[in-house]
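> how would this look folded up:
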Amino acid sequence: MHNPITYLETKHNELHNGFKGWLAKQSLPVEAAVVTLTGAAKGAIFSGFTGAFAKDSSSTAPPPDDSVSPNTMASFQKSQAPAGGPLIHARNYAVISGVNAGISSVLKRLRGKEDVQTSMVAAFGSGVMFSLVSGSGNSHANVITAGVFFALCEGVLFKVNISLRRNDCLSIPI
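Numbers count the residues shown, from 1 in each chain. So this is what the prediction gives:
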């Protein structure tokens, strides 16, 4: 009797390698569209799994009373936007994952390599789009700040990953 885990892993790798081979033969616009859509689907599915285990925190915060100024109330409502229900989380993860995957694939194809600059540019784009979609991008400064924050986090994670792989401390595929 064969090990079913090994069998599934082998079949998954065959399917994955076949898909990557097919994708490499496609034009840049087709590759970008397919990678963006699959990245968005993965993000939404991941959000669904994590959302099943997390409690919606938007209902736990008490609403401000009537004496609060309209500006404060608007800020409160904006702060509640990221704490929405499962569909909001799925949308946000789909945007982050899809935009990041699409930009990464285009830059990898154009530049011929994946490096820290590619990762940071893709993260900047996904941060900007997340800011716009989540409702926190009400000013150019907020949008740019979100993009820079995502890019800096990705740059640090990329460098740490490379460093760990060089030192054989941890093997994380890129």
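> from now on I want contacts and neighbour counts done on CA atoms only, so please keep to that.
OK.
> which stretches of this protein form strands?
For the chain, strands defined by DSSP state E do not occur.
> poorly predicted segments of it, please.
Along the chain, segments meeting pLDDT under 70 span 1, 52-69, 71-84, 137, 168-174.
> could you rerun that using 80?
By pLDDT under 80, the low-scoring segments of the chain are 1-2, 51-85, 136-138, 165-174.
> state the distance from residue 142 to residue 23.
Separation of residue 142 from residue 23 (CA to CA, to the nearest Å): 36 Å.
> ignore the last one, residue 46
Residue 46 sits 23 Å away from residue 23, going by CA to CA.
> so where do the helices sit in this protein?
All helices of the chain, identified by DSSP state H, fall at 4-24, 28-53, 70-80, 86-111, 116-134, 140-166.
> residues in contact with residue 158?
116, 119 (CA atoms under 8 Å, 6 or more residues apart in numbering).
> let's go with 10 Å and repeat that
115-117, 119-120, 152, 164, 174 (CA atoms under 10 Å, 6 or more residues apart in numbering).
> swap in residue 128?
Contacts of residue 128 (CA under 10 Å, 6+ apart): 96, 99, 122, 137, 140, 142-151.
> hmm, try it at 7 Å
143-144, 146-147 (CA atoms under 7 Å, 6 or more residues apart in numbering).
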